[in-house]
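Asker: structure for this input, please:
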Amino acid sequence: MIKFFTKKSEQKIYNNKKIDRIKKHKSRSFSCLIALISGLALLTNLLPFQPPEVQAAASESFSNRIYGNTLYDTAIEISKAGWNQAPVAVLATGENFPDALTGSVLAHKVNGPLLLTESDHLNPDVLSELKRLGTKEVYLLGGTVALSPSIEQTLRDTGITPTRLAGTDQYGTAAAIAAEATPTTSQAFIVNGDHFPDALSISSYAAAHGIPILLTRSDSLPQETASALAQMGVQQVTLIGGKAVIQDSVEQQLSKLPQPVKITARFAGYDQYETNSIVLNQLPFDSSHVYVATGENFPDALAGAALAAQTNSPIFLFPSKPLASYTTTYLDQRRSSGTTFTILGGWGVINYKMESILRTGVAQPRVSLQFTQGGLNGTKGMLSQLQSIPTPATDYADLIGPSWYYLDDAANGNVVGGWDATPGNYTQFTSAVHARNLKVLPVIQSSWSTPKTVDSVLSSAATRETLENNIISLIQNTNSDGIVIDFELLSGSTGPNLTQFMNELYNKLHPLNKLLIEAVMARTGSESWLTEFNYSALAQNVDYLDVMTYDYSRSTPGPIAPLDWMNKVMQYTLSQGVDMHKVLLGIPYYGNDWLTTGTGSSATYTRKAGGMAELQALAQGPIQRDSSQIPYFNYTDSSGTHTVYYDDAQSWNAKLSLLNQYGLGGIGAWSLSWSLNPASSNAIFPLLKQYLR
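Answerer: Residues are numbered from 1 along each chain as shown. This is a model prediction of the structure:
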């Protein structure tokens, strides 16, 4: 993503290729790496890379995510994360919760995973996982309605012995599971058998400590539960849930049993989330590692409880509604103590914004997309650009967009790419980004050598599909978290094809829990070009729409991104019915040094890009500000008269104020290469933290 031209690359594109559309509206572009390197060689005032105050620490605690495409796949991935082998495993239905609700205690006792399957057949992937684990025995939780006899037969045919634990209903099944897991115990937990969240809150702790979970109705104690209490010798119970889910009548029945049971505590909140918070705060968990699952469904937390029990870690239930103070307080405490979070389930259950809240504590999270610039080696390369982000990196950034890929000029849907330091080192970069708790979304750009490439590729359903599949393969091979699409050299007639492509790609990436961002040229609605970028339609098929509000001045000296123009772009975006929470505001980290040669109508202008610190150093007199608060100055040297426009803390602050004005989703900043100088870093990053966090 190269957001400036050198004079050499401008002449090559303008004179040799004669691309009229570029002349109209595109002086900012992605030039080839060779032209970039030669152009950057002109930046003689670039200071050495030495920002000690913003270097990354050797390591940063970070959250990860265990997920699959379905709830069954997620349970399998949880199994893979926790067990290399398991002679005994536990199997439950993923279609309903009652029979499976108390199975985590049994799974921990047998030191095996809790896997989920469909009720009418054994999921083939589950069977493969059992084979990987070397499983010889499987406990089936529930009757034949929950897990059909065909599942037993499939297990036997594979050489695995099935053992069914079941009652006439969920209360009897819970009693049977408890009897198998803890034949003798003095204490138990009791939860409502018609609601799953309270059982999930206690599940990992109960499993880690070998305490059975039994079920009750809201207004009466089932006979199966009363019998289990007596058979196991339970003397004390803890109730999980308020009196709306476990009424006083249940307490009275417990006290009047032939062997009276004492209620030692009741953990209860206003709703399941406050109850979860109380459980997590009151019980002695090891909270250095917290597992996070949705509180709106049971499978992910149920399977994850067996994994969490290995380390006596809690299960935090994430609400779908705005976080209450007790929830934010708990998360704030955990973050401040260095807790590592593991999310259970894909972005369909805990989306990226929810994850951002988890990591940053921001109630209305804003996303910080920071692009790294290719074609720069050594201390200016992409790894150095990543290191320019202070620690902790999550205070300033969320997504890193490396410039990796281009459409193949053959227009066949293939993708080409190049690394700026060591060829093939994509996974190294991804690992470095992930180590800082950030996500990697490589950028794929349209071809500059043959501008019609993108038109040809997108016009054909076959080549679109080839491109989509290639993108997915590249994401998976590099362990990236999504992709940024930055196709700029399009004809207006290609607009519908671009929208169709984004729709197809979005529908393929989301089941894989990968993000999709579309970078679009800035529009105010007054242009006679750029119609290919249908903001309203594109916004429906992306996670974020990155509006590149920079390079306003293209052929004569002027500001990179004047505030009044940026404001008009946001007004136009809003007028198109775009969800502004999806919009990323383009923020330039660079400025331009314009050289004027000649006078009057014969005057010509060339420009050279630079960072704030490098450009400020050129000033020979007072620095002025235009109406957008952008600093500028003039100077002369042996080559002629220069006019310099750039951004500093004051003008960046004015631009970032648009985030609040329009309720935007965050920023897309070009590029981290300009933040290598400590003076620039110290001006940029505090503002990002202020506005984004």
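
Asker: how about the secondary structure of S493?
Answerer: helix (DSSP: H, G, I helix; E, B strand; the rest coil).

Asker: give the contact list for it.
Answerer: D455, E532 (C-beta atoms under 8 Å, 6 or more residues apart in numbering). C-beta coordinates here come from the backbone N, C-alpha and C atoms, glycine included.

Asker: please renumber the chain so that the first residue is 337 from this point on.
Answerer: With 337 as the first residue, the last one maps to S829.

Asker: any low-confidence regions in the stretch 737-886 of the chain?
Answerer: 754-760 (pLDDT under 70).

Asker: now the strands for it?
Answerer: 751-753, 775-776, 779-781, 818-822, 851-857, 880-884 (DSSP state E, counting those that start in this stretch).

Asker: and the lengthiest helix in the chain, what's buried?
Answerer: Ranked by residue count under DSSP state H, the longest helix found in the chain is helix 797-813. Applying a neighbour-count criterion of 16 or more other C-beta atoms under 10 Å, one finds T799, R800, T802, L803, E804, N806, I807, I808, L810, I811 buried in helix 797-813.

Asker: repeat for stretch 640-659
Answerer: 640-645, 648-655, 659.

Asker: residue most distant from the centroid, the protein?
Answerer: P594 (54.4 Å; C-alpha atoms, centre = their mean).

Asker: so it touches L565, yeah?
Answerer: No. Between P594 and L565 there is no contact under C-beta atoms under 8 Å: 10.1 Å.

Asker: pLDDT score assigned to G470?
Answerer: According to the prediction, G470 has pLDDT 98.

Asker: look up how far L722 lies from it.
Answerer: To L722, G470 is 41 Å away according to C-beta to C-beta, to the nearest Å.

Asker: who has more neighbours out of the two?
Answerer: L722 (23 against 11; other C-beta atoms under 10 Å).

Asker: doesn't L1012 make contact with I725?
Answerer: No. I725 is not in contact with L1012 according to C-beta under 8 Å; the separation is 10.9 Å.

Asker: quick one, which of the two is more surrounded?
Answerer: A direct count of neighbours by other C-beta under 10 Å for I725 and L1012 places I725 higher, at 28 against 25.

Asker: surely the more buried one forms part of a helix?
Answerer: No. Assessed by three-state DSSP, I725 does not belong to a helix; its assignment is coil.

Asker: mind checking pLDDT for it?
Answerer: 96.

Asker: kindly report the same for D731.
Answerer: With respect to pLDDT, D731 has a value of 89.

Asker: repeat that for the one 4 residues further on.
Answerer: The predicted local confidence for L735 comes out at a pLDDT of 96.

Asker: could I get the phi/psi values of it?
Answerer: Note on L735: its backbone torsions stand at phi -120, psi 140 [degrees, to the nearest 10].

Asker: S704 is in contact with that one, correct?
Answerer: Yes. In terms of C-beta under 8 Å, L735 counts as a neighbour of S704; the distance is 7.1 Å.

Asker: ends of stretch 998-1018, how far apart?
Answerer: One end of stretch 998-1018 sits 26 Å from the other (C-alpha to C-alpha, to the nearest Å).
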